[in-house]
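Asker: Could you look at this predicted model? Sequence included:
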Amino acid sequence: MDWVKIFSTKGQMEEALAINKPRLLIVGSRRICLLRTEDGVAAVSDSCTHNGESLSKGSLNYLGEIICPWHGHRFNVRTGRESGERSADLTVFPLKTEGDGIFIGL
Ligand code: FES
């Protein structure tokens, strides 16, 4: 697994990521939906497994699920699982904080 630095500090991350506002992150050729909730930060693949809509255009609900803006499928951002098992799981990317930044594992 390759670890890629995405933020230099926690403060930079918090400034860039408003709570409950998903954001598109492009790393190389990958499109990743990055989000921050009251429980922390998570990263999942940006492409909805139902029909490919960009999940970073979606919203988060009180259960910590990202809701696809096209047909409303809901994915748990920690497990990637779709709530109604209507579509395949999303890829979930690990995140870690180390001395000099916040990293995503690809
Ligand atoms: S494309 Fe996401 S629910 Fe259909």
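Answerer: Received, thanks. Computed from a prediction, not measured in an experiment: that's the story for all the values here.

Asker: residues in the protein within reach of the ligand, list them.
Answerer: Residues of the chain lying close to the ligand by CB under 6 Å from any ligand atom are 48, 50-53, 68, 70-71, 73. Bear in mind the C-beta positions are built from the backbone N, C-alpha and C, glycine included.

Asker: Out of the residues you listed, who's the most crowded?
Answerer: residue 48 (26 neighbours; other CB atoms under 10 Å).

Asker: Across the sheet, point out what pairs with the residue nearest the centre of the chain.
Answerer: Residue closest to the mean C-alpha point of the chain, counted by CA atoms, centre = their mean, is residue 43 at 2.9 Å. Beta-bridge partners of residue 43, counted by DSSP bridges, are residue 34, residue 93.

Asker: List the residues that contact it.
Answerer: Residue 43 is in contact with 25, 32-35, 92-95, 104, counting by CB atoms under 8 Å, 6 or more residues apart in numbering.

Asker: Now do it against residue 84, distance only.
Answerer: 23 Å (CB to CB, to the nearest Å).

Asker: same deal with residue 26?
Answerer: 29 Å.

Asker: One more: residue 18?
Answerer: Taken as CB to CB, the span from residue 18 to residue 84 is 28 Å.

Asker: Then residue 41?
Answerer: Residue 41 is 25 Å from residue 84, by CB to CB.

Asker: for residue 74, same thing?
Answerer: Taking CB to CB, one finds residue 74 at 7 Å from residue 84.
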